[in-house]
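> Pasting the sequence and the predicted coordinates here, then a few questions.
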Amino acid sequence: MRPRIGVLTSGGDCPGLNAVLRGIALAADKLDFDVLGFLDGFEGLLPPGKFMPLNRRTTSGIMPRGGTILGTTNRGHFVAKVGAGEKAVVSPEVIANAKRILAEQRVEALIIVGGDGSMTTALQLQEAGIDCIGVPKTIDNDLEATAMTFGFDSAVASVVDALDRLHTTATSHKRIMLLEVMGRHAGWIALHGGIAGGAHVILIPEIRFDYEKIINAVRMREVRGSVYSLIVVAEGACPAQGQGVMRRTDGAEDRYGGIGNVVAAEIAARTGKETRCTVLGHLQRGGAPTTLDRILGTRFGVKAVNLIHERQFGSMVSYQNYQVRHVPIADAVNRLRLVPPDGEMVQTARDVEISLGD
């Protein structure tokens, strides 16, 4: 009887998750492991258990598909992170139930694919005696322990596509167009997407913005003969005087969103120019993964299986210096990788006359 490993996908979905699952299934088969995929995130670990086999047949053709065939959730009994820097402990009873299901299904180790909150839960399971391997997943690309996460490139591609489309309508109507994108604490999506999409102003959480600086950038374009402007706003961006826009939720992280409309209204009031806002929202999470995310997801899945084979439990897959390596999960959680305000990417934006609102 072949050894059996488990895998689940947790937190927000993103393109590339299915590439990870396919990589896990194929690499495991080569090493004579069976793979059980638990459904709907960590909740699939609870009695009576919800799972499906992952093998060559069940993962055939899934790599181009967005989302995850296992399903996911960022709510439920295993939520171990409720906000930036805040942590809730998973109850011993819930962990005991998960251990029982894993034992009944002969699962010897568990691969957990998720973001910072999921890695926080993975660490608690590891400390409770469940052998775990973490695979980092976030479109925000904001985990300090890895230089890149799959899903980020696909999210940026959706931002660039949206900006390409907004260029034409903004020019036709001589409007100021704002695009609000994801990025609660880190502005990587806004910065990369804005540069690649030809934005004229980019507002990110790491650099507080001044409305007058935005207005000056728009007016300077008018002086030079440009009749429109494109502005990218990360959902977590904040004005120099004031707070970001968010709403409280029960039992989950606070949700950002709405800053784009606030900025649009302020610009319209100060300039008298027609200003519109488009919120890209969950369109950034959906759709087929880019080539880069398919390759990176596959590499992450294969590495996770190899770490189990090498019994490197308590590790998280990490991409550093173009190589897929691993770091301790304990060293990876609660460490956000933010955009350096004086870094090379920000300077590149400034050198091509993109305003950061400061």
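Done, it's in.

> Run through the helices of the protein in chain order.
For the chain, the helices defined by DSSP state H occupy 17-30, 92-104, 116-127, 152-173, 188-196, 211-223, 259-271, 291-309, 329-332, 344-351.

> Mind putting those into CSV with distance to Gly66, mean pLDDT and mean neighbour count?
All C-beta atoms are positioned from the backbone trio N, CA, C, and that covers glycine. Output for the helices of the chain, formatted as CSV (distance: least, C-beta to C-beta, whole Å; pLDDT from 0 to 100; neighbours: other C-beta atoms under 10 Å):
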stretch, distance to Gly66, mean pLDDT, mean neighbour count
helix 17-30, 8, 98, 24
helix 92-104, 28, 94, 15
helix 116-127, 19, 92, 24
helix 152-173, 8, 95, 19
helix 188-196, 16, 98, 25
helix 211-223, 34, 93, 16
helix 259-271, 24, 93, 18
helix 291-309, 10, 97, 22
helix 329-332, 25, 89, 19
helix 344-351, 26, 97, 13
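
> okay, these in TSV with distance to Cys277 next?
Shown next, in TSV, are the helices of the chain (distance: least, C-beta to C-beta, whole Å):
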stretch	distance to Cys277
helix 17-30	30
helix 92-104	41
helix 116-127	28
helix 152-173	10
helix 188-196	14
helix 211-223	13
helix 259-271	4
helix 291-309	28
helix 329-332	35
helix 344-351	21
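
> out of those, nearest to Ser318?
Closest of the helices of the chain to Ser318 is helix 329-332, at 7.4 Å (criterion: C-beta to C-beta).

> Just list what the closest one packs against, helices and strands only.
With contacts defined as 3 or more C-beta pairs under 8 Å, 6 or more residues apart in numbering; DSSP states H and E, the packing partners of helix 329-332 are helix 116-127, strand 132-136, strand 315-320.

> picking that back up, quick one: closest of the helices of the chain to Val245.
helix 259-271 (4.5 Å).

> Need the contact partners of the closest one.
If you take C-beta atoms under 8 Å, 6 or more residues apart in numbering as the criterion, helix 259-271 is touched by 176, 178-180, 203, 211, 214-215, 218-219, 231, 233-238, 244-245, 273-279.

> can you state the direction angle for that helix and helix 211-223?
Interaxial angle of helix 259-271 relative to helix 211-223 (axes from the mean of the first three to the mean of the last three C-alpha atoms, to 10 degrees): 60 degrees.

> could you dump helix 259-271 to PDB, C-alpha only?
The C-alpha trace of helix 259-271 is given here as PDB (Å, rounded to 0.1, in the frame of the first residue of the first chain):
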ATOM      1  CA  ILE A 259     -10.900  54.500  -2.000                       C
ATOM      2  CA  GLY A 260     -11.100  54.800  -5.800                       C
ATOM      3  CA  ASN A 261     -14.500  56.400  -5.700                       C
ATOM      4  CA  VAL A 262     -13.400  58.700  -2.800                       C
ATOM      5  CA  VAL A 263     -10.400  59.900  -4.800                       C
ATOM      6  CA  ALA A 264     -12.500  60.300  -8.000                       C
ATOM      7  CA  ALA A 265     -15.000  62.500  -6.200                       C
ATOM      8  CA  GLU A 266     -12.300  64.600  -4.700                       C
ATOM      9  CA  ILE A 267     -10.500  65.100  -8.100                       C
ATOM     10  CA  ALA A 268     -13.800  66.000  -9.800                       C
ATOM     11  CA  ALA A 269     -14.600  68.500  -7.100                       C
ATOM     12  CA  ARG A 270     -11.200  70.200  -7.300                       C
ATOM     13  CA  THR A 271     -10.700  70.200 -11.100                       C
END
